[in-house]
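Undergrad: Just the structure for this:
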Amino acid sequence: MTQYTSPSMTNAKPIRILAFDTSLGRPGIALVEVRNGKASIIDMSNVQTTSKQSLVERKAVVYAWAVFFINKHRVKGFDYVVRELFQGRTWKQNYPVFTAWAATEEALNVFRLDFTDDPITPATIKKYVVGNGKADKQEVADAVRRWAGYEGEFASDDESDAVAIALYKAITEGLIE
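TA: Okay, here's the model as predicted:
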């Protein structure tokens, strides 16, 4: 019996998804490629700032880190650029995250890129990638390993979360099942 592969899952050219798990304390970024229904992690990174640094300094660090990562991988382009949604309850929660959002948007603008989608809620990402909208960090990392066939370690939860954001996009676009 021949297994059916949907046309959206057979792509000679890999689909490249750049994903941000944005925070000011330790943001994560990942580049995932999907070819013929299989996802693979091309690269991922995170950077850490501390609350002892000014917001201006922290934003500059996130900006420089994002520019470096994007520049490293821009030659082949990106088909999608996505990020996680953040909804804090107070300005003290929102302001640092939105400062990091601005830093990543400015980094994308250097290369005339922009986010291709609205931000995605963490629960939605977890529901699609893990099967449980309330999954913990370890469950997300384990699901990312299964989807991407990744056997290595993640330097932080922010890296596995960034990969999960990319995988969510691949799943919802019908690139992987």
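
Undergrad: the strands in this structure, which residues?
TA: Secondary structure of the chain by DSSP state E: the strands cover 15-21, 28-35, 38-46, 80-83.

Undergrad: What are the contacting residues of the last one?
TA: I take that to be strand 80-83. 15-22, 101, 104, 108, 113-117, 119-120, 165-166, 168-169, 173 (CB atoms under 8 Å, 6 or more residues apart in numbering). C-beta coordinates here come from the backbone N, C-alpha and C atoms, glycine included.

Undergrad: lowest-pLDDT helix or strand in the chain?
TA: helix 91-110 (a mean of 91; mean pLDDT, DSSP states H and E).

Undergrad: Enumerate the positions of it that are buried.
TA: P96, V97, T99, A100, W101, A103, T104, E105, A107, L108 (16 or more other CB atoms under 10 Å).

Undergrad: go on, stretch 132-149?
TA: Result for stretch 132-149 [16+ other CB under 10 Å]: buried residues A135, V140, A141, A143, V144, R145, W147, A148.

Undergrad: Give me the contact list for it.
TA: 32, 38-41, 123-124, 126-127, 129-131, 150-151, 154, 157, 160-161, 163-164, 167, 176.

Undergrad: again, but for stretch 61-77
TA: 16, 18, 20, 24, 27, 29, 31, 42-43, 45, 47, 49, 53, 100, 103-104, 106-108, 110-111, 113.

Undergrad: can you do 6 Å?
TA: 27, 29, 31, 45, 47, 49, 100, 103-104, 106-107, 110-111 (CB atoms under 6 Å, 6 or more residues apart in numbering).
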